[in-house]
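**Q** Quick one, what's the 3D model for this:
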Amino acid sequence: MAHRNVFLLLFVLWATVWLWSVAGLWLIAPTGDGFTGGLNRITTFLGWQVLAGGLALCLFWIRQGVGPALRRLAWLPLCLALLLVAFIAVVLIWSWVQHLIWPPGGYTPPDGPVTQTPGG
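**A** Next comes the predicted model:
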């Protein structure tokens, strides 16, 4: 019974951390100017998601001592954490492939002036 209570406590803690990471995107005021404007929201989201991922691994690790319904429930946090990791990996791979297809510096401007006078 105590193992079940620890599992449920960790699950509620995971759900709270995970929901706060998502809600924090809208609740935290953006800071910074220009390119870095709002970057604090992303780092806050990822920081809380790392904590939620650690709790998900803990939940998955202790799932053996609980009933079958809670054992299946332990897959939810792990799958959400792996989905986030897969999404970030896909974005990075997509960015890398785009860089290979369209390398930067593909356009070189002409050396001299391009304007000509009419008729000559």
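**Q** Can you get me a residue count around the residue nearest to Gly37 when sequence neighbours are not counted?
**A** With sequence-adjacent residues excluded and distances taken as C-beta to C-beta, 6 or more residues apart in numbering, Gly37 is closest to Pro30, at 5.8 Å. C-beta here means a position set from N, CA and C on the backbone, and glycine is covered the same way. By other C-beta atoms under 10 Å, 12 other residues sit near Pro30.
**Q** pLDDT score for Pro30?
**A** At Pro30, the model reports a pLDDT of 86.
**Q** How about Pro104?
**A** For Pro104, the pLDDT comes out at 69.
**Q** Might you report the residue contacts of Leu78?
**A** By C-beta atoms under 8 Å, 6 or more residues apart in numbering, Leu78 lies in contact with 56-57, 59-60.
**Q** Next, count neighbours for the residue nearest to Ser21 when sequence neighbours are not counted.
**A** Distance criterion C-beta to C-beta, 6+ apart; nearest residue to Ser21, sequence neighbours excluded, is Trp48 at 3.3 Å. Neighbour count for Trp48, taken as other C-beta under 10 Å: 20.
**Q** In the strand or helix carrying Trp48, which residues are buried?
**A** Secondary structure assignment for Trp48, by DSSP states H and E: helix 39-61. For helix 39-61, a neighbour-count test (16 or more other C-beta atoms under 10 Å) marks 41, 44-45, 48-49, 52-53, 55-56, 58-60 as buried.
**Q** do stretch 82-95 as well
**A** Quick answer for stretch 82-95 (16+ other C-beta under 10 Å): Leu84.
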